[in-house]
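**Q** Please work out how this folds:
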Amino acid sequence: MNRTTLGRTGIEVSEYCLGTMTFGTQTSEAHSHTQIEMALDAGIDFLDTAEMYPVNPVLAETVGRTEEIIGNWNATSGRRGEVVIATKHSGQGGFVRPGQPITKDTIEETLNGSLRRLQTDHVDLYQLHWPNRGSYHFRQNWGYDPRKQPSSDAIFDEMCGILEKMKEMETAGKVRAFGLSNESAWGTMNWLEAAKATGGPRVASIQNEYSMLCRLYDTDMGETAYHEDVTLLAFSPLACGYLTGKYQSGAVPEGSRKSIGETMGGRASPRVDAATDAYIDIAAKHGLDPTHMALAWTLTRPFPTIPIFGATTLDQLAHILGGLDVKLTKELMADVDKAHRAHPMPY
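**A** Just a heads-up that it's a prediction; the model follows:
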């Protein structure tokens, strides 16, 4: 397993990350613990979670359960030192603190809650789940209107306050690095400027959706990430299962994400099936499994990228782990580029 670093932090992690958002709903605690062990055996030591997890669905009564499951593994395995754990501070959405934004006053209490559930004294990467000002992610790009946001001065002042508190958490040894999620290029650059102004932690990573079917990151964010050494933690690199081929021809496997949420978070558009078919056909043409191809593709990008993959079952995880050494040819990459031009932004 190749290794990489998170931004300019010097924190070394595997080039793939195990996502845990189904731990506690679709994936039992016992199987969740087995997944962590399987990932470690394959050389993957990077885990991503969030205080609001599990999902599918998100419920008030299960908020925090995923962190608890990971915490129980930390306690029983004695292997906390072998993993790099990333978690997230939820924003105004969801069931954690409805209507309450992320502020300098919410950081410590929220972080302490994650530390208790994770049964650890520090989080390696602490991320903000959503910008307070709003986001164009999760299909909100189609009607995105930045005029609804607060003034840039108010946004910057808020960022500075948060980073001053994050600096305290770093000094206390509770956090090693700071990251963003569902952010934009403008937002990322302002966080970087706020770090300079406050001496607070520099943005190490940004967790945005990214796959062959969702490539909003390719332009302004890609340029920002390359020049500023901000690592993309690409969530949904398999497009919530579309790129595995399991939803082809209208199939909806029992227990799959689509069987739980028919719209797939807005991904089930009239154009997604044709785009998916194009990529599945490319994998077949080049003799590759489509899951392995989709994950390997994320590592070819011209900006630093770590794909976060998840698996509901142990068999699914074993299948993913069996293809992590796949390399893509120039001919295949050319075919992917053609497919992207033919099927841009399918959802």
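**Q** And the helices in the stretch 101-250 of the chain?
**A** In the stretch 101-250 of the chain, the helices defined using DSSP state H, counting those that start in this stretch lie at 107-118, 152-171, 185-198, 220-228.
**Q** most centrally placed residue in the protein?
**A** Centroid-nearest residue in the chain, with CA atoms, centre = their mean: Phe235, separated by 3.6 Å.
**Q** Now it. Nearest residue, chain neighbours left out?
**A** Ile308 (4.9 Å; CB to CB, 6 or more residues apart in numbering). In this view, the C-beta of every residue, glycine as well, is placed from N, C-alpha and C.
**Q** Does anything pack onto the host helix or strand of the one you found? Which helices or strands?
**A** Following DSSP states H and E, one finds Ile308 within strand 305-309. Using 3 or more CB pairs under 8 Å, 6 or more residues apart in numbering; DSSP states H and E, the elements in contact with strand 305-309 are strand 17-19, strand 231-235, helix 290-298.
**Q** Run through who's touching the helix or strand just after that strand.
**A** Counting by DSSP H and E, the next helix or strand C-terminal to strand 305-309 is helix 314-321. Here helix 314-321 makes contact (CB atoms under 8 Å, 6 or more residues apart in numbering) with 31, 34-35, 38-39, 42, 44, 289, 291-292, 295, 309, 311.
**Q** Show me which positions of helix 314-321 end up buried.
**A** Gln316, Leu317, Ile320, Leu321 (16 or more other CB atoms under 10 Å).
**Q** Same question for stretch 256-272.
**A** Applying 16+ other CB under 10 Å to stretch 256-272 flags Ser256, Arg257, Lys258, Gly261, Met264, Arg267, Ala268, Val272 as buried.
**Q** And the fifth one, how close does it get to Ala154?
**A** Noted for Met264: a distance of 35 Å to Ala154, by CB to CB, to the nearest Å.
**Q** go on, the second one?
**A** Arg257 is 37 Å from Ala154, where distance means CB to CB.
**Q** tell me the phi and psi of Val336?
**A** The phi/psi pair for Val336 (degrees, to the nearest 10) reads phi -60, psi -40.
**Q** Pretty sure it sits against Arg215.
**A** No - look at Val336 against Arg215 with CB atoms under 8 Å: they stay out of range, at 10.8 Å.
**Q** So for those two, which sits in the more crowded spot?
**A** Regarding Val336 and Arg215, a neighbour count based on other CB atoms under 10 Å identifies Val336 as having more, with 21 against 15.
**Q** what's the more buried one in contact with, if anything?
**A** Applying CB under 8 Å, 6+ apart, one finds that Val336 lies in contact with Met212, Tyr279, Ile282, Trp297.
**Q** With His122 instead?
**A** Counting by CB under 8 Å, 6+ apart, His122 touches Leu115, Gly173, Lys174, Val175, Arg176.
**Q** Quick check: pLDDT value at the fourth one.
**A** pLDDT, Val175: 98.
**Q** Met169 is in contact with that one, correct?
**A** Yes - using CB under 8 Å, Val175 makes contact with Met169 at a distance of 4.4 Å.
**Q** quick revisit: specify the beta-bridge partners of the residue nearest to Phe235.
**A** Applying DSSP bridges to Ile308 yields these beta-bridge partners: Cys17, Phe235.
**Q** Low-confidence ranges, the protein, go.
**A** Within the chain, the segments meeting pLDDT under 70 span 93-94.
**Q** What is the end-to-end distance of stretch 41-49?
**A** 20 Å (CA to CA, to the nearest Å).
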